[in-house]
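Asker: Build me a model:
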Amino acid sequence: MYTTLKSPTRTTTVYNVTPAIFDQLYVNYAETLSCSCSKVNIPYGDFVNHKITFHPICSSIFVSQEWIEALYLKNASRYGVQDFRTTAAAQFQLLASLCLLSQNAVFQNQIHFDNSDFIDDYLLDKVQSQYRVNNTVAFFKNSASTEMVSFVEYLRATMRANYLVSALNTNFLLTILGQGYDYKLYSTEIAYSNNFILDSWDPESMGCSNTNPTTRAGFFEIFSPSAYFPRYEWSQPESSSVLVDGFFTGCIPLDALLCSTLDCLYSRRCLQLLANKFPGIARMHTEWNASALSFKQEKKSVNDHLADLFIEEWSAIMNYSKYFMKCSLVCMLKYRSKPANNNAVCSVTTPLRKYGRIMERLNLFKAASQRTEKDIKQQRISTRLYLVLLTGSLLLFFAYTSWSIEMIKKSEPYPSLSIYNELQIKHLNATLNQFFQSTTDYFGSLIKTEQILTQIDQPYFGPIGSDKPLIENDNPLGTFIMNTSNNVIMSQVFLSTVDNI
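Answerer: Numbers count the residues shown, from 1 in each chain. Predicted coordinates:
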């Protein structure tokens with residue numbers, strides 16, 4: 001009776017499906033609708049557009065060559081480690097380079113993303129497909145960020161381990177001191193001290209050879225060219241010091257820059273302070289109201305911006321219609337048909353009555369020797385019991401069989417086995433090619449970054465960690481020659497350095 005009353009399940013195939021037809025089918029048959037794509041791999045670039053917005057610093061005047069040259073001072077080292085004039089040009093050159101490297105990494109990953117395939121043998125609705133696209137974009141962005149941060153950390157670790165010497169005298173001091181004919185070459189590491197004492201070395205100071213201290217940058221009194229001891233230690237600036245908001249100083253310009261939050265570039269007052277201290281900026285005649293960065297969402301360091309690849313927004317805008325057309329789909333749906341009329345119950349109960357009368361007279365265990373009324377009654381009871389058990393066994397068998405069939409999902413993909421295998425190999429090759437291409441791109445970025453940093457920092461292979469300056473007889477950095485004709489001391493310095501930048 002249940003089987004007769006149950007609405008039959010029907011399967012319908014729909015061809016030439018348009019977006020409007022699909023939307024209507026999805027509303028009515030979301031749970032049973034299945035639309036297979038004739039093309040299972042579709043390049044993201046065929047239906048996804050990108051909207052990428054970088055941090056405004058990367059398109060501002062502050063990363064232009066004009067600005068960097070305006071900050072350049074030929075004798076920048078004489079201001080000391082704390083003074084912003086010593087490292088300003090180097091920090092902004094590094095900032096411009098980090099912006100450029102981040103943008104190149106983003107655009108390379110955008111190309112890799114567009115060339116990657118959206119793989120699915122069934123059509124996804126708008127929400128599911130956009131979710132897949134967003135997750136893929138996030139994966140590419142996180143991968144690029146991880147590689148960029150890893151390269152920078154590798155460079156910082158290399159500089160610390162090998163004690164690369166800054167040509168700006170921020171982590172190592174090299175000078176010639178003396179009177180008359182008694183000139184000596186002095187060299188020692190720079191150190192940070194909380195207890196700065198003039199003309200002496202603080203034993204608790206933090207040397208740049210094995211630590212990485214940073215303090216706020218500012219503008220301070222210019223040391224005398226002959227002053228040596230005040231230069232090899234620095235300490236926290238005093239509360240009355242003229243500071244540059246959001247900028248730091250340290251053993252090397254890169255570490256100082258990564259700590260910086262760039263607050264000064266949002267302030268017209270601070271930018272005017274820079275113009276007063278750097279003659280080159282004053283000659284630019286720039287209107288700071290227009291040049292200052294206009295909006296600051298949150299206080300993030302350059303290192304934080306680098307981890308985000310200086311990206312403010314990266315949204316992938318999916319054209320669902322293009323994806324739909326690329327899929328070229330055929331839809332199959334299952335639904336239950338309604339009973340024809342209300343007489344179905346009557347049409348079922350009438351045969352049941354006839355079946356009951358037959359069962360009353362049915363006797364499968366007749367015996368010629370047992371024809372009494374009691375024997376016949378017992379035989380009919382045995383017949384009914386037998387039929388009940390037989391019917392129950394058959395029902396259990398059919399129920400088990402139907403359940404087993406329902407539990408197995410049969411899928412017949414559109415591609416043949418050979419095409420499927422070919423697509424699988426193609427997808428694997430594309431993944432490997434993408435990996436090797438990405439590795440090549442970032443290795444090139446690593447080489448460029450090292451070239452930038454080595455313009456500022458040079459290697460030193462002498463002893464480190466000494467609490468006394470090295471002089472001529474112990475110094476591995478140079479030799480002295482007396483020019484007796486004009487009584488001038490000539491020194492030949494072995495340490496290779498570059499000018500302030």
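
Asker: where do the helices sit along this protein?
Answerer: Taking DSSP state H, the helices of the chain run over residues 2-5, 19-28, 65-71, 84-115, 126-162, 253-259, 268-277, 279-282, 288-291, 302-307, 320-327, 344-361, 373-407, 417-454.

Asker: what angle do the fourth one and helix 268-277 make?
Answerer: Which is helix 84-115. Here the directions of helix 84-115 and helix 268-277 differ by 120 degrees (axes from the mean of the first three to the mean of the last three Cα atoms, to 10 degrees).

Asker: got the angle for helix 84-115 vs helix 126-162?
Answerer: In terms of direction (the same axes, to 10 degrees), helix 84-115 departs from helix 126-162 by 140 degrees.

Asker: tell me which residues of helix 84-115 are tucked away?
Answerer: If you call a residue buried by 16 or more other Cβ atoms under 10 Å, then helix 84-115 has these buried ones: 84-106, 108-110, 112-113. For glycine as for every other residue, the C-beta is placed from the backbone atoms N, C-alpha and C.

Asker: Give me the below-cutoff pLDDT ranges for the stretch 101-250 of the chain.
Answerer: Applying pLDDT under 70 to the stretch 101-250 of the chain picks out residues 177-182, 195-204, 223-230.

Asker: swap the cut-off to 80 and go again
Answerer: Scanning the stretch 101-250 of the chain for pLDDT under 80 picks out 174-187, 194-205, 210, 222-233.

Asker: and the gap between the closest residue to T286 other than its chain neighbours and D83?
Answerer: Of all residues beyond its chain neighbours, the one nearest T286 is I61 (7.0 Å), with distances taken as Cβ to Cβ, 6 or more residues apart in numbering. Remark: distance between I61 and D83 (Cβ to Cβ, to the nearest Å) = 23 Å.

Asker: These two: which has the busier surroundings?
Answerer: Between I61 and D83, D83 has the larger neighbour count (other Cβ atoms under 10 Å), namely 23 against 15.

Asker: which other residues reach stretch 291-303?
Answerer: Outside stretch 291-303, the residues that touch it by Cβ atoms under 8 Å, 6 or more residues apart in numbering are 56-57, 60-61, 95, 98, 257-263, 265-268, 271.

Asker: Only whichever of those residues are buried, select them in ChimeraX.
Answerer: With 16+ other Cβ under 10 Å as the criterion, this ChimeraX line picks the buried residues out of those:
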select :56,57,60,95,98,257,258,259,260,261,262,265,266,267,271
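
Asker: circling back: isn't the residue nearest to T286 right next to A290, touching?
Answerer: No. If you go by Cβ atoms under 8 Å, I61 and A290 don't touch, sitting 9.3 Å apart.

Asker: residue ranges with poor pLDDT in the protein?
Answerer: Segments of the chain classed as low confidence (criterion: pLDDT under 80) are 1-12, 15-16, 30-32, 174-187, 194-205, 210, 222-233, 288-289, 295-298, 328-501.

Asker: go again using 50 as the cut-off
Answerer: Within the chain, the stretches with pLDDT under 50 are 1-5, 198-199, 340-342, 344-346, 348, 404-413, 456-467, 469, 471-482, 486-501.

Asker: Could you check how far the spatially closest residue to F92 that is not a sequence neighbour is from L164?
Answerer: Nearest residue to F92 in three dimensions, chain neighbours excluded: I68, at 5.2 Å (Cβ to Cβ, 6+ apart). Counting by Cβ to Cβ, the separation of I68 from L164 is 21 Å.

Asker: and the closest residue to P19 other than its chain neighbours, what does it touch?
Answerer: Sequence neighbours aside, F324 is the residue nearest to P19 in space, at 5.4 Å (criterion: Cβ to Cβ, 6+ apart). By Cβ under 8 Å, 6+ apart, the contact list for F324 reads 19, 22, 123.

Asker: among those residues, which ones are buried?
Answerer: Burial by neighbour count, judged by 16+ other Cβ under 10 Å, picks out 22, 123 from the contacts of F324.

Asker: so which of the contacts of F324 comes closest to I42?
Answerer: Comparing these against I42 with Cβ to Cβ places L123 closest, at 10.7 Å.

Asker: The closest one and V40 touch, don't they?
Answerer: No. Taking contact to mean Cβ under 8 Å, the distance of 10.7 Å between L123 and V40 leaves them out of contact.

Asker: Relative to D255, how far out is S187?
Answerer: If you go by Cβ to Cβ, the gap between S187 and D255 works out to 21 Å.

Asker: cool, and W67?
Answerer: 22 Å.

Asker: With V81 instead?
Answerer: Looking at V81 against D255, where the rule is Cβ to Cβ, the gap reads 12 Å.

Asker: And the two? Which one has more around it.
Answerer: V81 (29 against 21).

Asker: Tell me how far the more buried one lies from A88.
Answerer: Looking at V81 against A88, where the rule is Cβ to Cβ, the gap reads 13 Å.

Asker: For the residue nearest to T286, list the residues it contacts.
Answerer: Under the criterion of Cβ under 8 Å, 6+ apart, the neighbours of I61 are 67, 286, 291.

Asker: Next up, the contacts around S150.
Answerer: S150 is in contact with no residue at all, counting by Cβ under 8 Å, 6+ apart.

Asker: Check the gap between it and L164 for me.
Answerer: Looking at S150 against L164, where the rule is Cβ to Cβ, the gap reads 19 Å.

Asker: Same question for Y15.
Answerer: Between Y15 and L164 the distance is 69 Å, computed by Cβ to Cβ.
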